[in-house]
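K.L.:
structure for this input, please:
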Amino acid sequence: MAVTLHTTHGDLKLELHCDHAPKAAENFLALCGSGYYDNNLFHRNIRGFMLQTGDPTGTGKKGNSIWGKKFEDEIVDSLKHNTRGVVSMANNGPNTNASQFFITYGKQAHLDMKYTVFGKVIDGMDTLDEIEKVPVDERTYRPLNEVKIETVTIHANPIADQANQ
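P.N.:
Next up is the predicted model:
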């Protein structure tokens, strides 16, 4: 239920909510395991708001789920965007989750009940701090210097473990 995103600015260790967002967690873990997120750019970095990645083209307009189509939201009342380091699926409307995800830089209550929360940063807040400081294009919020996920380490994958039993 944990992965580490090894970024150009340091490591971000994430704990996943496999029990509350099983489809999002399964999709994320499978994409991590396949190398899909390796070398993905953080294409959107809005100080005080969030950091977004998950599109291998780096444009922020693409990305696929493991099912080859969009999948439904998993909105859970108890999972809120109530602190720094919340990890959620990015979407462009209800039930349009694919591969893109974001990490909050602070409390974002206006995102609650609209985006699937599937994890949280449990180590690497210093890395998150460093990435938040990266200068961006003020029009697009794209980092002026490349910030990316280099590789991903999966520490525990209960979905794969269950499938192998």
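K.L.:
could you list the low-pLDDT ranges of the chain?
P.N.:
157-165 (pLDDT under 70).
K.L.:
show me what the longest strand anywhere in it is packed against.
P.N.:
Secondary structure of the chain per DSSP state E: the longest strand is strand 148-156. On a contact count with 3 or more Cβ pairs under 8 Å, 6 or more residues apart in numbering; DSSP states H and E, strand 148-156 meets strand 2-7, helix 22-34, strand 40-41. Just so you know, the C-beta spots here come from the backbone N, C-alpha and C atoms, and that holds for glycine as well.
K.L.:
could you pull up the residues touching H81?
P.N.:
H81 is in contact with 88, 104, 107-109, 111-112, 115, 117, counting by Cβ atoms under 8 Å, 6 or more residues apart in numbering.
K.L.:
between these, which has the most around it?
P.N.:
Counting neighbours by other Cβ atoms under 10 Å, S88 leads the contacts of H81 with 27 neighbours.
K.L.:
can you give me the neighbour number for R47?
P.N.:
Neighbours around R47, by other Cβ under 10 Å: 15.
K.L.:
save the helices and strands packed on strand 148-156 as JSON lines, and put in distance to V76 too.
P.N.:
Output for the helices and strands packed on strand 148-156, formatted as JSON lines (distance: least, Cβ to Cβ, whole Å):
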{"stretch": "strand 2-7", "distance to V76": "19"}
{"stretch": "helix 22-34", "distance to V76": "10"}
{"stretch": "strand 40-41", "distance to V76": "26"}
